[in-house]
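Novice: need a structure here:
(one chain, ligands or ions: 1)
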Amino acid sequence: MSENAPLAGLLAGKKGLIVGVANQNSIAWACAQALHGAGMELAFTYQGEVMRDRVHKTIATLGEVPTYDMDVRDDAQIQSVVEQVRERWGQLDFLVHSVAFAPKTAMANSFLETSREDFLAAHEISAYSLVGLSRAFAPLMVEGGSIVTMTYYGSQKAVPGYNVMGVAKAALEASVRYLAVDLGQRGIRVNAVSAGAINTLAARGVAHFRDLMKITAERSPLKRTVEPSEVGNTALFLASDLSTGITGETMYVDAGFNITAG
Ligand code: NAD
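Specialist: Numbers count the residues shown, from 1 in each chain. Purely as a prediction, here's the structure:
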């Protein structure tokens, strides 16, 4: 992070676990780069063996870093990662939760058509997983800590094509508030970053995604879409002692799109 030289060392000595890297375009990877640039020591999870090589290739520039197999639907795998992180570091300071999924059928049809099965799958992976991971990793945050998740404006307004994912993001943002209350006494802060539209693997599952990017660029006060690095830098801020008074928030990093009238 040479262009951010003043931040070098800001997170020195801190340990962070990044959940949600799929490839170079992943928001989780942008977070990792910002955190690494500020001196945080990182570990990563990947979603099953099929993602392993892709994730390793993405993070190769960081050198030797621990990686763990973890599907957020699997409590035994989550607990195994907790134990491995405990063994390696003894504690954890920061958790990035950058995970979402909705079945294709739920994204292709109208929201009205959402099946029970698709609704539950989207909520389990995209919202409940934050609760499960927070409960599992909070005991490692012995000196307090920070947890950050990624959300989108489709939680607040009906965004065409965002469908069940918008409903899951509303549950995610509410979970952030309740988790912040439960974990506050332990000095653990929980926040969401509401990112503007960014072209990633997950985003391509949203119908009309390119239109969404175009509309964002036209309508947002900054007249552009956001860069992944801008989301990463916000994760850095929320991981750092610069944000110790902030918890339970949904922080928009969307070039101001959410404050405009449609
Ligand atoms: P991405 O495809 O790079 O990341 C999604 C990640 O979720 C992948 O790494 C995938 O492996 C992981 N995942 C899905 N199901 C999982 C499971 N069962 N267990 C473990 N991991 C699982 O896409 P992204 O856009 O970087 O998405 C990251 C987060 O950012 C998501 O929560 C997404 O909703 C959110 N977000 C994205 C945008 C955007 O426009 N791209 C905007 C706002 C918020």
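Novice: do the helix or strand of the chain with the lowest mean pLDDT and the ligand meet?
Specialist: Sorting the helices and strands of the chain by mean pLDDT, DSSP states H and E puts helix 209-219 at the bottom, at a mean of 92. No - Helix 209-219 is not in contact with the ligand by CB under 6 Å from any ligand atom; minimum separation 7.5 Å. C-beta coordinates here come from the backbone N, C-alpha and C atoms, glycine included.
Novice: return the set of buried residues in that helix.
Specialist: By neighbour count with 16 or more other CB atoms under 10 Å, helix 209-219 contains the buried residues Phe209, Leu212, Met213, Ile215, Thr216, Ala217.
Novice: could you do stretch 137-147 as well?
Specialist: Phe137, Ala138, Leu140, Met141, Gly145, Ser146, Ile147.
Novice: show me what contacts the residue most central in space within the chain?
Specialist: The central residue of the chain, meaning the one whose C-alpha is nearest the mean C-alpha position (CA atoms, centre = their mean), is Ser98 at 2.4 Å. When the contact criterion is CB atoms under 8 Å, 6 or more residues apart in numbering, the partners of Ser98 are Ile18, Val19, Gly20, Val21, Ser26, Ile27, Ala28, Cys31, Thr149, Met150.
Novice: the first one - that's part of a strand, no?
Specialist: So the one you mean is Ile18. Yes - the assignment for Ile18, made by DSSP: H, G, I helix; E, B strand; the rest coil, places it in a strand.
Novice: contacts only, for it.
Specialist: Contacts of Ile18 were listed using CB under 8 Å, 6+ apart, and they are Ala28, Cys31, Ala32, Leu35, Leu42, Ala43, Phe44, Thr45, Val96, Ser98.
Novice: okay, and the beta partners of it?
Specialist: Note on Ile18: beta-bridge partners by DSSP bridges are Phe44, Val96.
Novice: what residues does the least confident helix or strand of the chain touch?
Specialist: For helix 209-219, the external contacting residues (CB under 8 Å, 6+ apart) are 159, 161, 196-197, 199, 203, 206, 223-225, 254-255, 257, 260, 262.
Novice: after the lengthiest helix in the chain comes which helix or strand?
Specialist: When secondary structure is assigned using DSSP state H, the longest helix within the chain turns out to be helix 163-184. Beyond helix 163-184 in the direction of the C-terminus, DSSP states H and E gives the next helix or strand as strand 188-195.
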